[in-house]
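Asks: one predicted model, sequence on top.
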Amino acid sequence: MAVDPRIGQVLVIVPTYNESQNVESIVTRLRKAVPDAHVLVADDNSPDGTGAIADRMSAADDHVHVLHRAGKEGLGAAYLAGFEWGLAQGYDVLVSHDADGSHQPEQLPRLLEAIGRGADMVKGSRWVPGGSVVNWPWAREFISRGGSLWTRLMLGIPVKDATGGFNAYRAETLRGMRLSDVASAGYCFQIDMVWRALKNGFTVVEVPIDFVEREFGDSKMSRDIVVEALLRTTGWGIRHRVGQLRRLFRRG
């Protein structure tokens, strides 16, 4: 797919930690799916050599870049570093994309087409009509569906897949979201980003994607990440509802 010239230059950010079995395949598929797009591998000093593989790919392809980070600081921190790099380089659309094979590079055009139609942020969604999960254990699906439902109830947002990580943002959207205040990681980072977009008046659109359980390597999901998402979302929701009540009383 050729990138619609109206949306400008696209950067796909792929955070990695010990993804030596996956990173080359994912970057290759991204480059084939949208040849005009650039890819930034944000590696957290992986001890398995992921960074070296990314460096080799970058040396052979001027559309592939590598951001070497000091160590493992979490998914949210890696994406924030990638956003900062991409905004400084002048990219117009920035995309978050997992390195483990769960996101399908071939479906990136769906997100970019929605950006081209005017969306400020696009979420690849597992839980809208046409979306799906493949080879997921029931417990993972329960946690993901439950987390998105809890988020909708607490924050009052219409997004069906608040925890999904396959997202596209206009540069102006990211600049308007006060990224310097983001301190969350994992599932919670994804919720934080869509919540900030909506609070700042940006248009968020969901498009269906197929999410496939990783084939190689170990999942980075942990109980701590799930607990962080639950606690932070609950805290945001309570403050949001209290704020609504205060505004209601003032009008009365």
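Replies: Yep, it's here.

Asks: contacts, neighbours, all on C-alpha from now
Replies: Noted.

Asks: and A81, what is it in contact with?
Replies: Taking CA atoms under 8 Å, 6 or more residues apart in numbering, we find A81 in contact with A42.

Asks: in the stretch 51-200 of the chain, which spans are helices?
Replies: Counting by DSSP state H, counting those that start in this stretch, the stretch 51-200 of the chain has these helices, from start to end: 75-88, 108-116, 138-155, 171-175, 186-199.

Asks: out of the ones you listed, which one sits most buried?
Replies: For the helices of the stretch 51-200 of the chain, the largest average neighbour count (mean count of other CA atoms under 10 Å) is found in helix 186-199, namely a mean of 21.

Asks: still on that earlier bit, tell me which of the helices of the stretch 51-200 of the chain sits nearest to S25.
Replies: Closest to S25 of these, according to CA to CA: helix 108-116, at 15.2 Å.

Asks: about what we covered before: in a markdown table: the helices of the stretch 51-200 of the chain, plus distance to T234.
Replies: What follows is the helices of the stretch 51-200 of the chain, written out as a markdown table (distance: least, CA to CA, whole Å):
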| stretch | distance to T234 |
| --- | --- |
| helix 75-88 | 19 |
| helix 108-116 | 29 |
| helix 138-155 | 7 |
| helix 171-175 | 24 |
| helix 186-199 | 11 |
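
Asks: give me the neighbour count for the closest residue to V34 other than its chain neighbours.
Replies: Leaving aside its sequence neighbours, V34 sits nearest to M1 (CA to CA, 6 or more residues apart in numbering; 5.0 Å). Residues within reach of M1, counting by other CA atoms under 10 Å, total 13.

Asks: quick one: M1 from Y169, how far?
Replies: Counting by CA to CA, to the nearest Å, the separation of M1 from Y169 is 18 Å.

Asks: measure R145 to V10 for me?
Replies: Separation of R145 from V10 (CA to CA) stands at 30 Å.

Asks: what sits against S20?
Replies: With contacts defined as CA under 8 Å, 6+ apart, the neighbours of S20 are D48, G49, T50, I53.

Asks: filter these to the buried ones?
Replies: Listed as buried from the contacts of S20 are G49, T50, I53; burial here means 16 or more other CA atoms under 10 Å.

Asks: which of the residues you listed lies closest to R140?
Replies: Nearest member of those to R140, counting by CA to CA, is T50, at 26.3 Å.
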